[in-house]
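1. model this:
(chains A, B, C and D)
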2 protein chains.
Amino acid sequence: MEPAAVTTARASRTLPHPARDEIRLEGVLHALSDPMRLQIVRELAADGDELSCSQFVLPVTKSTTTHHFRVLRESGVIRQIYRGTAKMNGLRRDDLDALFPGLLDALLGAAARQSARLGEG
Amino acid sequence: MEPAAVTTARASRTLPHPARDEIRLEGVLHALSDPMRLQIVRELAADGDELSCSQFVLPVTKSTTTHHFRVLRESGVIRQIYRGTAKMNGLRRDDLDALFPGLLDALLGAAARQSARLGEG
DNA sequence: ACCGTACTACGATGCCTATCGTACGAGCCC
DNA sequence: GGGCTCGTACGATAGGCATCGTAGTACGGT
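-> Below you'll find the predicted structure:
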């Protein structure tokens, strides 16, 4: 039994998230103004809430991927938890909808529209 | 009658705007992720479409104000035309609504909500 | 013609950030 | 335990950007 060691280890592996009322619109918009991060959020919205970082195929290195996920987490857009060695990511849809009703759907819709327009133009 | 001189002078005073289909969501989000610019857009949405730059009371110098208005124009969020020495600003609501239906209203609503939440405790 | 007002252009500055590479820590499986 | 995979930390780098100040242009009024 390794109680103290495990708890501290797990505590050190919990990631800091902003509380709901600490989320700022400007921060959310800034996070989503990067094409890479917008793509991540779109995939999270489409494929459900339990995607590990490594399931995303991004044209950047792992270091950069880590950076983008951290920006999304620190701006309050996504939630991240460790599950074993994997880090699972989920949209903070409840918080965002409570703070800014309709915004997330409008953003996702806008992204989908633009993607369709540019991709099948 | 000063035809040629005036036309070239006016031509040199027309400002470049992106066409509707050149507007990019990421650019719009980046433009609105700055508090100063978000405030400008909120005032434009509230007070109508014909506001000159100097009517905005911003805690920055005129140089910086010019910069912010240019970012908004080049990202496709606002339209700018010269009227005498003044530069009139207006939201590109028609273009934005056509490209991203509901987005602008969702953004303005989110900004208003956050402002109310932070301003009135 | 002259002056004042509105806005711009340009250079400087300091900060932020997207990106990479390398080295490392944490947990799973044999 | 040994190795493997997933993700992190840290430093470096290069580019972007918000801000300023100063000097200048354009236009309208006197």
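
2. Next, A:Met88: secondary structure please.
-> strand (DSSP: H, G, I helix; E, B strand; the rest coil).

3. DNA strand C versus the most centrally placed residue in chain A, what's the distance?
-> Centroid check for chain A by C-alpha atoms, centre = their mean gives A:Ile78 as the closest residue, at 3.2 Å. The gap separating A:Ile78 from DNA strand C is 14 Å, by C-beta to the nearest atom of the strand, to the nearest Å. C-beta coordinates here come from the backbone N, C-alpha and C atoms, glycine included.

4. isn't that residue right up against A:Asn89?
-> Yes - if you go by C-beta atoms under 8 Å, A:Ile78 and A:Asn89 touch, sitting 5.3 Å apart.

5. overlap in contacts of those two?
-> Shared contacts of A:Ile78 and A:Asn89, defined by C-beta atoms under 8 Å, 6 or more residues apart in numbering or on different chains, comprise A:40, A:44, A:69, A:72.

6. Counting neighbours, which of these end up buried?
-> By neighbour count, with 16 or more other C-beta atoms under 10 Å in any protein chain shown, those hold A:40, A:44, A:69, A:72 as buried.

7. before we move on, back to that, quick check: closest non-adjacent residue to the residue nearest to the centre of chain A.
-> In space, and not counting its chain neighbours, A:Ile78 is closest to A:Leu72: 4.5 Å by C-beta to C-beta, 6 or more residues apart in numbering or on different chains.

8. which SSE is that neighbour in?
-> A:Leu72 belongs to helix A:62-74 when assigned by DSSP states H and E.

9. Show me what that helix is in contact with.
-> Against helix A:62-74 from outside (C-beta under 8 Å, 6+ apart): A:15-18, A:27, A:31, A:34, A:36-37, A:40-41, A:53, A:56, A:58, A:60, A:78-80, A:87, A:89.

10. Repeat the analysis, applying 7 Å as the threshold.
-> A:15, A:17-18, A:31, A:36-37, A:40, A:53, A:56, A:58, A:78, A:80, A:89 (C-beta atoms under 7 Å, 6 or more residues apart in numbering or on different chains).

11. now swap in stretch A:75-89 and tell me
-> Contacting residues not belonging to stretch A:75-89 are listed as A:13, A:15, A:17-18, A:23, A:27-28, A:30-31, A:41, A:44, A:50-53, A:69, A:72-73, A:90-92, A:95 [C-beta under 7 Å, 6+ apart].

12. when you check those against the helices, which ones overlap?
-> With DSSP state H as the criterion, helices contain A:27-28, A:30-31, A:41, A:44, A:69, A:72-73, A:95 from among the contacts of stretch A:75-89.

13. Which one of those is nearest to DNA strand D?
-> Set against DNA strand D, the nearest of these by C-beta to the nearest atom of the strand is A:Phe69 (6.2 Å).

14. what packs against the longest helix seen in chain A?
-> For chain A, the helix that runs over the most residues, judged by DSSP H, is helix A:103-120. Judged by 3 or more C-beta pairs under 7 Å, 6 or more residues apart in numbering or on different chains; DSSP states H and E, helix A:103-120 is in contact with helix A:35-47, helix A:93-99, helix B:25-32, helix B:103-119.

15. and the last one, how far from the chain's centre?
-> Looking back up the chat, that one is helix B:103-119. 17 Å (C-alpha atoms, centre = their mean, to the nearest Å).

16. swap in stretch A:67-77?
-> On C-alpha atoms, centre = their mean, the centre of stretch A:67-77 falls 6 Å from that of its chain.

17. buried residues in that stretch?
-> Buried residues in stretch A:67-77, counted by 16+ other C-beta under 10 Å: A:68-69, A:71-73, A:75-77.
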